[in-house]
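>>> Fold the following.
(one chain, ligands or ions: 2)
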Amino acid sequence: MSGEDMKLVVVGAAGRMGQTLIRTIHAMQGVRLFAAVERAGSPFVGRDAGDVAGLGPIGIAITDQPLEAFVEAEGVLDFTSPAASVEFSVLSAQARIVHVIGTTGCSAADEERFSAAGRHARIVKSGNMSLGVNLLGVLTEQAARALGAADWDIEILEMHHKHKVDAPSGTALLLGQAAAKGRAVDLDAQSVRVRDGHTGARTAGTIGFATLRGGSVIGEHSVILAGEGEQVTLSHSATDRSIFARGAVTAALWARDRKPGFYSMLDVLGLS
Ligand SMILES: NC(=O)C1=CN([C@@H]2O[C@H](COP(=O)(O)OP(=O)(O)OC[C@H]3O[C@@H](n4cnc5c(N)ncnc54)[C@H](OP(=O)(O)O)[C@@H]3O)[C@@H](O)[C@H]2O)C=CC1
Ligand SMILES: O=C(O)C1=N[C@H](C(=O)O)C[C@H](O)C1
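Ligands and ions are numbered 1, 2, ... in the order given. This next block holds a predicted model:
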């Protein structure tokens, strides 16, 4: 275990999560911001990362040269877009460093690329980096196992801010996977992602998703288990993005001394 502060790069530094990560690194022990990256052509390139994050100047100019930053750093915190995260995973494998990926909306092909990068990098990826949601996942799996599919219907409801581009949220899918695991079924085969028009009655055993978007909502998730004459609702409300940023930094510190691999927040939190 190194006694030095872990040198971290934030990619997507000017985004909602990028700025939160910069403030969180500034406030946490054991880590320091080494570089901040935005895409080539971004108006934020060349600006002071601390200024952009609302901290005031910290002497780190946002760069559009990720590899130069990665080879000198120990970890990357990445909340960007699926295409960007795939590119960054190739670079983090080249640099053989820690890569924490919070990006959602990734395809199965993207996941294969991350897994391949995990042969050289230490990748931690999760649709939600908060302790609360990962605990909710464990509770969802237990509830789904205990309440049988013949009598209990599972619906997952989420709401996020109006800027969010993917649906269902990564968290909703994480919770759906947990419910499917509890029921020992394949989520892809059982999920109902959209309902519209004359849908017919609900098929027993399916796991339904409903998506709401509006305003500045950071993240609201509920897992509803609906039975005859009673309902169990498990839910989580995010009121501050720092919960995701603290989780991401914790994941980077956890992965620092691990072997290359593809890990989840459940591994980091000891909930797997
Ligand atoms: N797992 C978790 O706990 C959480 C996950 N998320 C996920 O994180 C992602 C980002 O969310 P959010 O911060 O709200 O989104 P934003 O759009 O605010 O931020 C994304 C940032 O990444 C930048 N970016 C995109 N492509 C590149 C690239 N190739 N190189 C460098 N920078 C790039 C964007 O720049 P530009 O605007 O120029 O495209 C933007 O600044 C989403 O997928 C979201 O769902 C969010 C919160 C928690
Ligand atoms: O885009 C967001 O904001 C969030 N995205 C993640 C998701 O898709 O679940 C996590 C969190 O809910 C915020």
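>>> Look through the chain and report the residue furthest from the middle.
Of all residues in the chain, G229 has its C-alpha farthest from the mean position, at 35.3 Å, by CA atoms, centre = their mean.
>>> And the helices in the protein?
Taking DSSP state H as the criterion, the chain contains helices spanning 16-27, 49-53, 66-72, 82-95, 108-117, 131-146, 170-183, 187-190, 242-255, 265-269.
>>> Would you tell me which of those gets closest to V10?
helix 16-27 (4.8 Å; CB to CB). (C-beta placed from N, C-alpha, C; glycine too.)
>>> Report whether the closest one contacts ligand 2.
No. Applying CB under 6 Å from any ligand atom, one finds helix 16-27 out of contact with ligand 2, separated by at least 6.7 Å.
>>> That helix vs ligand 1: in contact?
Yes. Using CB under 6 Å from any ligand atom, helix 16-27 reaches ligand 1 at 16-18.
>>> Spell out which parts of the protein neighbour ligand 1.
Contact residues, the chain versus ligand 1 (CB under 6 Å from any ligand atom): 11-12, 14-18, 37-39, 42, 79-81, 84, 102-105, 126-129, 170, 244.
>>> And for G127, nearest residue in space, chain neighbours not counted?
G170 (2.6 Å; CB to CB, 6 or more residues apart in numbering).
>>> Number of residues surrounding the one you found?
By other CB atoms under 10 Å, 21 other residues sit near G170.
>>> Would you mind measuring from G148 to A189?
Between G148 and A189 the computed distance is 18 Å (CB to CB, to the nearest Å).
>>> give the contact list for the nearest residue in space to A150 that is not next to it in sequence.
In space, and not counting its chain neighbours, A150 is closest to A204: 6.1 Å by CB to CB, 6+ apart. Each residue near A204 by CB atoms under 8 Å, 6 or more residues apart in numbering is listed here: 149-150, 153.
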